[in-house]
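>>> okay, predicted coordinates and the sequence, questions at the end:
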Amino acid sequence: STRGRVIKCKAAVAWEPRKPFAIEVIEVAPPKAHEVRIKIVASGICRTDDHVLKNTLSVTKFPVILGHEGAGVIESVGEGVVDLKPGDKVIPLFIPQCGECSCCQNPKSNFCLKSDLEKGTGLMSDGTSRFTCKGKLVYHFISTSTFTEYTVVDEISVAKIDDNAPLDKVCLIGCGFSTGYGSAINTAQVEPGSSCAVFGLGGVGLSVVIGCKTAGAKRIIGIDINADKFAKAKELGATECINPKDYTKPIHEVLKEMTDGGVYYSFECVGHVQTMEAALKSCHVGYGTCVIVGVAPSSSKLSFDPMLLFTGRTCKGSAFGGWKSKDSVPKLVCDYLARKFDLDGLVTHTLPFDKINEGFDLLNKGESIRSILMF
Ligand code: CND
Ligand code: ZN
Ligand code: ZN
């Protein structure tokens, strides 16, 4: 067995920003106390990984192993780990759930102060990395790092899931699906009969569409500058789709006319401040709620007329769809197995792990929704 020993395996290392990934042999140290080592089986490619690669998020250090939408099997556990054992199927959690911090203790929050999302240390909680390559330290990414055959995560950053779960599908519960679906169900709390506008119809936005439909929304308007995304959006529940490029007037004015003054709920799933402002302006003057799901570049600032909120609009953010991660991910996997929602519609490509650069090209060309890398 490999327990207690360093594992040599393949990983996609991002040595520096704006360069393709290099498939390298890396060393993965054994898990320390309260950590687990996971053999990754499948990992989706999310736009956030690409933001980091393009260096628009200042919180990441290079070289780094990216990926935060994976699923795998526990290889070994460190001292003191009681709820996980070798062979368990798991999903790494990019927002941990320590259960003890002020966020974890508050039922209204799903954030965790142990998260590395804001701090961006790229290290385990003891301040060290478990990855090395060619004698150099390689950083972790938001307590997950799934673009590697083996990864190490803290026990608060991993959820045990059902043994029957197909890992090549449920990996999407690690980010894209849960983020979008939960933004509609938990964060906005979309009601039956309401109207919704979803900006950006990638894996996250389409999952918002699924959530709005599940919640019983009457109108679900998809907005994207790539009309190739419309067919799938309609298949998954969008009642109509519009392309801002087809109009001379601003898109929020188009939406206001379509919906008699604005939608109940708008969702920004692109990651641009311009679409964030448009989403806020698109929701109803007196009772609309705008949910910001997209991740904008670190240096950007959102600025808008405060009168937009004065009249009664709400603007809120949603990370990981508002789900308390360790509690909710196993339940979401059970709901998937019980066919309460479908993930297959989100998967457009399946690629062997070493074709990761092809997967990012497909995303950047606007051809894929989710590419699943298989290890
Ligand atoms: P993806 O790139 O697949 O989708 C974005 C879509 O937006 C594409 O279909 C684009 O064509 C479309 N688009 C681009 N510009 C515009 C525009 N001006 N108007 C309308 N549509 C446009 O990305 P994804 O679905 O993987 O991720 C979407 C965002 O969500 C992205 O910013 C990502 O970083 C973020 C995110 C957030 C969270 C969270 O927890 N909140 C988790 N993961 C990803
Ligand atoms: Zn993501
Ligand atoms: Zn916590």
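Happy to help now that I have it. Ligands and ions are numbered 1, 2, ... in the order given.
>>> now do P192 against R219, distance only.
Going from P192 to R219 by Cβ to Cβ, to the nearest Å gives 12 Å. To be clear about C-beta, it is placed using only N, CA and C from the backbone, and glycine gets the same treatment.
>>> who's more crowded, these two?
Between P192 and R219, R219 has the larger neighbour count (other Cβ atoms under 10 Å), namely 17 against 8.
>>> quick check, the more buried one in contact with S195.
Yes. With contact defined as Cβ atoms under 8 Å, R219 and S195 form a contacting pair (4.2 Å).
>>> for T128, grab phi and psi.
phi -120, psi 170 (degrees, to the nearest 10).
>>> tell me which parts of this protein are close to ligand 3?
98, 101, 104, 112 (Cβ under 5 Å from the ion).
>>> out of these, flag the one nearest to V52.
Nearest to V52 among the residues of the chain next to ligand 3 is C112, at 20.1 Å by Cβ to Cβ.
>>> tell me which residues touch that closest one, please.
Each residue near C112 by Cβ atoms under 8 Å, 6 or more residues apart in numbering is listed here: 95-98, 101, 103-104, 156, 325.
>>> of the residues you listed, grab the buried ones for PyMOL.
Only the buried members of these enter the following PyMOL selection, criterion being 16 or more other Cβ atoms under 10 Å:
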select buried, resi 95+96+97+98+101+103+104+156+325
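>>> show me the contacts of C112 that map onto helices.
S325 (DSSP state H).
>>> count of neighbours near the closest residue to C133 other than its chain neighbours?
In space, and not counting its chain neighbours, C133 is closest to I26: 4.4 Å by Cβ to Cβ, 6 or more residues apart in numbering. Residues lying near I26 (other Cβ under 10 Å) number 25.
>>> which of the residues of the chain next to ligand 3 sits closest to ligand 1?
C112 (13.1 Å; Cβ to the nearest ligand atom).
>>> ok, the nearest residue to the closest one once chain neighbours are set aside to F310 distance?
Excluding the flanking residues, the one nearest C112 by Cβ to Cβ, 6+ apart is P96, at 4.7 Å. Distance, P96 to F310, by Cβ to Cβ: 37 Å.
>>> one step back: overlap of the contact sets of R219 and S195?
Listed contacts common to R219 and S195 are 259, 263; contacts here mean Cβ under 8 Å, 6+ apart.
>>> any idea which residue of this protein lies closest to ligand 1?
For the chain, Cβ to the nearest ligand atom, closest residue to ligand 1: G202, 2.1 Å.
>>> so T48 sits in a strand?
No. Looking at T48 with DSSP: H, G, I helix; E, B strand; the rest coil, it is helix, so not inside a strand.
>>> and it, what does it touch?
Counting by Cβ under 8 Å, 6+ apart, T48 touches 57, 68, 175, 295.
>>> of these, which are in range of ligand 1?
Filtering the contacts of T48 for proximity to ligand 1 (criterion: Cβ under 6 Å from any ligand atom) leaves 175, 295.
>>> the contacts of T48 in helices, which ones?
Using DSSP H to define helices, no part of the contacts of T48 is located there.
>>> from the contacts of T48, which is closest to R3?
H68 (25.7 Å).
>>> contacts only, for the residue of the chain positioned farthest from its centre.
Farthest-out residue of the chain from its mean C-alpha position, per Cα atoms, centre = their mean: S1, at 33.2 Å. Counting by Cβ under 8 Å, 6+ apart, S1 touches S76.
>>> measure it to R37 for me?
Distance of S1 to R37, computed by Cβ to Cβ: 12 Å.
>>> burial measure for the residue nearest to S143 when sequence neighbours are not counted, as a count.
Distance criterion Cβ to Cβ, 6+ apart; nearest residue to S143, sequence neighbours excluded, is S157 at 4.1 Å. Here the count is done by other Cβ under 10 Å, and S157 has 28 residues near it.
>>> all helices of the stretch 251-375 of the chain, in order?
Shown for the stretch 251-375 of the chain, the helices assigned by DSSP state H, counting those that start in this stretch span residues 251-258, 273-282, 307-310, 325-337, 356-364.
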